[in-house]
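Peer 1: sequence plus the predicted model coming up.
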Amino acid sequence: MECHESNLKKVLNLGFEISQIKDIDLLLEKILGEARAFTNCDAGSIYIKEGDSLKFSYAQNDTLQRQLLPGRKLPYSTFSIPIGNTSIAGYVAANSSILNIPDVYEITNAYPFSFNRSYDDITGFRTCSMLTIPLNNFRNEVIGVLQLINAMDSPGEVIPFADDDREIITYFANTAANAMERAKMTREIILRMNKMAEMRDPKETGPHVNRVAAYSVTLYEAWAKKQGLSQGEIDKNRDVLRMSAMLHDVGKVAISDTILKKPGRFTPEEFQVMKLHTLYGAHLFSDIYSDFDESAGIVALNHHERWDGKGYPGYIDQQTQLPLPGYETETGTARGKQGEEIPLFGRIVALADVYDALSCRRCYKEAWDESEVLNNIREEAGKQFDPQLVEVFLECVDSFKQIEKLYPDEHE
């Protein structure tokens with residue numbers, strides 16, 4: 001009884017923690033990690049319902065993770081399966097019921113579903129025990145499926161999942177589902193803001209901003225771990241950075257079409273107008289009600305600054321658009337911020353944005369070869385980019401490639 005009450009208190013605390021996370025991708029990571037810790041299992045995944053299908057949206061696997069170099073993340077591909085009785089996750093979603101299977105290789109023909117061994121065959125991993133739980137929102141609608149794999153005993157041997165905490169894990173799953181709905185709504189609001197920019201500038205696509213945001217979070221996390229920051233601080237900053245980075249160019253909605261959609265090079269006068277999108281974007285978040293507002297304003301304003309001080313808009317009054325006193329150059333423009341004068345999130349998004357712009361095809365150019373992209377970024381260390389961030393970036397390239405696969409452009 002005492003153990004049950006302790007577990008219930010733990011789950012209630014976890015429910016509060018996950019309710020504070022606003023970004024859906026980071027929320028899925030937190031939900032799966034905490035569910036695995038609670039049940040002491042080796043691996044797991046989360047599916048999100050999309051129409052009549054389940055989209056494989058997030059995965060963790062400690063056994064396979066240990067085979068990677070430190071700091072690297074486990075690669076996985078997204079795919080969809082139909083909701084129905086032929087698969088384990090599909091059955092759970094269709095029937096809104098929990099399945100606790102001691103060994104998925106021993107499922108008999110008495111059941112309508114079966115286990116697909118293809119992933120195990122490719123990786124050499126052995127899936128055995130599996131606990132699959134529907135994620136029901138407050139309307140008792142299934143919005144996804146949580147799948148936990150290979151419960152472990154104290155010596156580290158695989159065992160079946162216990163049935164004792166079924167009610168508690170169900171409560172956690174339902175709390176997680178409601179948090180997921182809120183986070184998905186937040187993501188949709190951000191994407192709609194970006195769609196306004198996309199209507200004006202076709203380069204600002206949903207996949208582009210999702211990639212830039214994911215690159216930024218990966219880069220920040222790797223940098224923060226090298227700096228010895230606490231996991232709590234890292235998690236908090238990842239959440240606001242992820243959303244802020246998606247809105248880095250939202251200020252373009254205020255730029256005239258004659259400039260924004262001009263096919264050729266800008267005149268010097270037109271380029272000065274184009275630079276103002278940083279100020280317009282920051283102005284959208286000038287009324288600060290949360291960490292997100294502050295972060296989004298910082299990113300919008302600073303993602304075109306350069307480490308060598310030759311970027312824009314520099315030290316400029318956002319209201320008058322004139323240089324701040326003492327920061328005028330000989331030509332009367334504002335001096336650019338340089339080095340660590342540029343806020344960290346601005347330096348991170350600057351690098352992530354350029355990497356994506358060079359790596360992907362656009363209507364006006366082909367994608368650069370990977371070696372060309374990496375050479376360019378190396379050459380710009382200490383010039384356009386923070387040299388320390390470039391060093392960390394080069395260690396994260398494999399993770400960036402995986403992100404590209406998760407958010408492909410529509411033409412690919």
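Peer 2: Nice, I can see it.
Peer 1: excluding its backbone neighbours, what's nearest Ser77?
Peer 2: Of all residues not flanking Ser77 in the chain, Lys405 sits nearest, at 6.4 Å (Cβ to Cβ, 6 or more residues apart in numbering). No exception for glycine: its C-beta is placed from N, CA and C like everyone else's.
Peer 1: report the separation between that neighbour and Glu221.
Peer 2: Here the criterion is Cβ to Cβ, to the nearest Å. By it, Lys405 lies 19 Å from Glu221.
Peer 1: okay but Trp223 is in contact with Val390, surely?
Peer 2: No: counting by Cβ atoms under 8 Å, Trp223 stays clear of Val390, with 10.7 Å between them.
Peer 1: quick revisit: number of nearby residues for the residue nearest to Ser77?
Peer 2: Other residues within reach of Lys405, judged by other Cβ atoms under 10 Å, total 12.
Peer 1: cool, and Lys73?
Peer 2: Lys73: 17 surrounding residues under other Cβ under 10 Å.
Peer 1: check which helix or strand covers it.
Peer 2: If you go by DSSP states H and E, Lys73 is not part of any helix or strand.
Peer 1: distance of it from Asp356?
Peer 2: For Lys73, the distance to Asp356 equals 18 Å [Cβ to Cβ].
Peer 1: cool, Ser256 as well?
Peer 2: Separation of Ser256 from Asp356 (Cβ to Cβ) stands at 25 Å.
Peer 1: of these two, which one has the most company?
Peer 2: Set Ser256 next to Asp356 and count neighbours by other Cβ under 10 Å: Asp356 wins out with 22 against 12.
Peer 1: could you give me the average pLDDT of the helix or strand containing the more buried one?
Peer 2: Using DSSP H and E, the element containing Asp356 is helix 344-359. The average pLDDT for helix 344-359 rounds to 96.
Peer 1: ok, then the element right after that helix?
Peer 2: Counting by DSSP H and E, the next helix or strand C-terminal to helix 344-359 is helix 370-379.
Peer 1: which sections of this structure are below the confidence cut-off?
Peer 2: Scanning the chain for pLDDT under 70 picks out 1-16, 70-72, 75-76, 197-205, 362-365, 410-412.
Peer 1: what residue spans form the domains of it?
Peer 2: For the chain, automatic domain parsing gives the domain ranges 2-182, 201-406.
Peer 1: so how far is the shortest one from its chain's centroid?
Peer 2: Mean C-alpha position of domain 2-182 versus that of the full chain (Cα atoms, centre = their mean, to the nearest Å) differs by 19 Å.
Peer 1: from Thr267, how far off is the residue lying farthest from the centre of the chain?
Peer 2: In the chain, the greatest distance from the average C-alpha position (Cα atoms, centre = their mean) is reached by Glu330, at 42.2 Å. Between Glu330 and Thr267 the computed distance is 22 Å (Cβ to Cβ).
Peer 1: run a quick neighbour tally on Tyr315.
Peer 2: Close neighbours of Tyr315, defined as other Cβ under 10 Å, add up to 16.
Peer 1: number of residues surrounding the closest residue to Ala350 other than its chain neighbours?
Peer 2: Nearest non-adjacent residue to Ala350, counting by Cβ to Cβ, 6+ apart: His303, 4.9 Å away. By the criterion of other Cβ under 10 Å, His303 has 28 neighbours.
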